[in-house]
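Asks: Next input, structure requested:
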Amino acid sequence: MKGLILLTGATGYIGGRLRTALEELGAPLRCMARKPAVLQSRVAPTTEVVEGDILRPSTLDCALVGVATAYYLVHSMGAKEGFEERDRVGAQNFATAAKRAGVKRIIYTGALANGDDLSPHLRSRHEVGAILRESGIPVIELQASIVLGAGSLSFEMIRALVERLPIMITPRWVEVRAQPIAIADLLAYLIESLDLPLHGSRVFQVGGADKVSYGGLMREYARQRGLRRIMIRVPVLTPRLSSLWLGLVTPLYARVGRKLIESIKHPSVVSDQEALGVFSVRPQGLREAMSAALLAEEHELGESRWCDAVSSGGDLRNSPGKTPYKRVVDSREVTVRATPENAFEPIRHIGGDRGWYAYDWLWRLRGFLDLLVGGVGVRRGRPMADELHIGDPLDFWRVEAYESGKFLRLSAEMKLPGRAWLEFEVRPHPDGASIRQTALFDPVGILGLGYWYLVYPLHRTVFSAMLSNIAAAAGEVADRPDISAAACSESKVTEAETGRFPV
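Replies: Purely as a prediction, here's the structure:
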């Protein structure tokens, strides 16, 4: 293991696990992220975090300077549209910058698929590998089938289906053959690729010891969980109908679900066994891989999840793309007889199974409506750890700013005619602590402004009850809570009301 390593995709499922493994090995590591703050609180003290975006070539030179080996683990599967072009341009930008920086090796995780008429997603993964190789830099491409581990996209889908549905109506794609690989084995391949003797580029197909379908994965999950499940085959569920169905009963939302199903329709079994002769990795079988994933779930050891990637909510944009009206605000405050740290405790645990402290059925209904229009819904839940970090998904929100015991700002990832945020700030008060809750909305056009005023009466009821229940959970309310609300334009909001929001 020689020279500095650059890791892209470090907020994603595979990248997050790989970052931890490389840090444990003491590797000289630099992580590239579009929003460095998302990673800064998670990495080891020896890991460098730099800003970089494959779609902004000007940001890549600094990220790649001095790098010997680069892991390319980014893709645009969560993008709303045009993901093939985004992946193509991103790979070209990265390959050009890596060549200019003198990078010695690129390690890339591609997709394993058999057949010619591939889905757009699989076709794009193969094209990215070809683009990286065309740079002239030696590339190791590991083409993998289903990745099986706690928190992976496939495992989350299997777990949700089997746990929730005693009888499943299954389409034809459920029985297509694959060769799933345990996340531990894929990480072993990725790490061993650092020191693999290399003369030119190599493509390796990697998979587990067993060949099985998604139906087989679900049956094995049910067996190990002691569940009896009945699967009834039907030929009529198209990828679109299947993706909507998955969106209703699993953590997936329709956009990602459809791309996943379109890829599953193609067999993905290893036809070239060369990796077994070159690497020392001996992949485990299905039972062992499933048992390890279940054990990690049981002990809440899932280090990363597929939805942790900042891109899992779709496109990241700092502006709505159209000129917004003035920002509108709903801000309210309550005083509690508690220390600031205790007052912040309910906020720290908000979302997921804990819920939102008021009208949880309305939050679930909003998530269901979001799923119907291709949004993320609420099934992503929240991280297993008690402490939140910048970049964590939280139902249909994402943590944008966080100071333990003091401040939390959530950015909405549901479908909206504008941008929305929800803030909580706790400050010391002579009677204990004050909790300020602020909802902010940047409407786009007349539609956005109309949306705000249409739902404002409902928001006022929900947010008022929400803050009251947070206060009740935090401690005894001092006297009568002073809960005051305001809905106004940004020009009328005081500095105290906007708090730390970036204007």
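
Asks: C-alpha only now, for contacts and for neighbours.
Replies: Will do.

Asks: And the strands in the stretch 251-400 of the chain?
Replies: 328-337, 393-394, 397-403 (DSSP state E, counting those that start in this stretch).

Asks: Keeping just the C-alphas, turn the first one into CSV.
Replies: Coordinates of each C-alpha in strand 328-337 appear next as CSV, following Å, rounded to 0.1, in the frame of the first residue of the first chain:
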residue,chain,number,x,y,z
VAL,A,328,-41.6,32.5,4.5
VAL,A,329,-41.1,31.4,8.1
ASP,A,330,-43.1,29.8,10.9
SER,A,331,-41.2,30.3,14.2
ARG,A,332,-42.2,29.5,17.7
GLU,A,333,-40.5,29.2,21.1
VAL,A,334,-41.1,27.5,24.5
THR,A,335,-39.2,27.7,27.8
VAL,A,336,-38.7,24.5,29.8
ARG,A,337,-37.3,23.8,33.3
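
Asks: Return the most buried member of the strands of the stretch 251-400 of the chain.
Replies: strand 393-394 (a mean of 27; mean count of other CA atoms under 10 Å).

Asks: Pairing partners for that strand, with directions?
Replies: Counting by DSSP bridges, the strands paired with strand 393-394 are strand 397-403 (antiparallel).

Asks: and residue 439, how many neighbours?
Replies: Counted with other CA atoms under 10 Å, the neighbours of residue 439 add up to 20.

Asks: remind me which residues of the stretch 1-150 of the chain are low pLDDT?
Replies: Within the stretch 1-150 of the chain, the stretches with pLDDT under 70 are 1, 76-81, 115.

Asks: With the stretch 401-503 of the chain instead?
Replies: 445, 476-503.

Asks: try 50 this time
Replies: 477-503 (pLDDT under 50).

Asks: How about the stretch 201-350 of the chain?
Replies: 253-254, 300-302, 306-308, 310-325.

Asks: So which residues of it form helices?
Replies: Under the criterion DSSP state H, counting those that start in this stretch, the stretch 201-350 of the chain contains helices at 214-225, 239-249, 254-264, 274-278, 286-298, 340-348.

Asks: same thing with the stretch 1-150 of the chain?
Replies: Using DSSP H, counting those that start in this stretch, the helices of the stretch 1-150 of the chain run over residues 13-24, 36-40, 60-64, 83-101, 120-134.

Asks: closest to residue 407 out of those helices?
Replies: helix 36-40 (15.1 Å; CA to CA).

Asks: So what touches the closest one?
Replies: 10, 11, 33, 49, 50, 51, 389, 390, 391, 392 (CA atoms under 8 Å, 6 or more residues apart in numbering).

Asks: 7 Å instead?
Replies: 49, 50, 51, 390, 391 (CA atoms under 7 Å, 6 or more residues apart in numbering).

Asks: can I get the CA coordinates of that helix in PDB?
Replies: The C-alpha trace of helix 36-40 is given here as PDB (Å, rounded to 0.1, in the frame of the first residue of the first chain):
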ATOM      1  CA  PRO A  36     -17.100  18.200   3.100                       C
ATOM      2  CA  ALA A  37     -19.100  19.000   6.200                       C
ATOM      3  CA  VAL A  38     -21.100  15.800   5.700                       C
ATOM      4  CA  LEU A  39     -17.900  13.800   6.200                       C
ATOM      5  CA  GLN A  40     -15.800  15.900   8.500                       C
END
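
Asks: Centre of the chain to that helix, how far?
Replies: 14 Å (CA atoms, centre = their mean, to the nearest Å).

Asks: got it, and stretch 361-378?
Replies: Distance, centroid of stretch 361-378 to centroid of chain: 17 Å (CA atoms, centre = their mean).

Asks: One more: stretch 148-155?
Replies: Centre-to-centre, stretch 148-155 and its host chain are 12 Å apart (CA atoms, centre = their mean).

Asks: Span of that stretch from start to end?
Replies: 6 Å (CA to CA, to the nearest Å).

Asks: where exactly do the strands run in the stretch 51-200 of the chain?
Replies: Ranges of strands within the stretch 51-200 of the chain are 67-72, 105-111, 139-144, 147-148, 167-170, 177-178, 181-182, based on DSSP E, counting those that start in this stretch.

Asks: Tell me the gap between the fourth one and the middle of its chain.
Replies: When you say that, I think you mean strand 147-148. Using CA atoms, centre = their mean, the offset of strand 147-148 from its chain centre is 16 Å.

Asks: Name every strand pairing with it and say which way it goes.
Replies: strand 181-182 (parallel).

Asks: Specify the angle between the longest helix along the chain and strand 328-337 in degrees.
Replies: Ranked by residue count, the top helix of the chain under DSSP state H comes out as helix 445-474. Interaxial angle of helix 445-474 relative to strand 328-337 (axes from the mean of the first three to the mean of the last three CA atoms, to 10 degrees): 10 degrees.

Asks: Buried residues, helix 445-474. List them.
Replies: For helix 445-474, the neighbour count (16 or more other CA atoms under 10 Å) marks 448-449, 452, 460, 462-468, 470-471, 473-474 as buried.

Asks: Residue 367: which of these is nearest?
Replies: Comparing the buried residues of helix 445-474 against residue 367 with CA to CA places residue 462 closest, at 15.1 Å.

Asks: quick one: contacts for that closest one?
Replies: So residue 462 contacts 358, 359 (CA under 7 Å, 6+ apart).

Asks: Okay, domains of this protein per the record?
Replies: Listed by automatic domain parsing, the domain ranges of the chain are 4-312, 317-498.

Asks: Check the offset of the longest one from the chain's centre.
Replies: Using CA atoms, centre = their mean, we find the averaged C-alpha position of domain 4-312 to lie 12 Å away from the chain's own average C-alpha position.

Asks: what's the spacing between the closest residue to residue 206 other than its chain neighbours and residue 125?
Replies: Counting by CA to CA, 6 or more residues apart in numbering, residue 144 is the residue found nearest to residue 206 once chain neighbours are left out, at 5.2 Å. For residue 144, the distance to residue 125 equals 11 Å [CA to CA].

Asks: The two - which one has more neighbours?
Replies: Using other CA under 10 Å as the criterion, residue 144 and residue 125 rank with residue 144 on top: 24 against 20.
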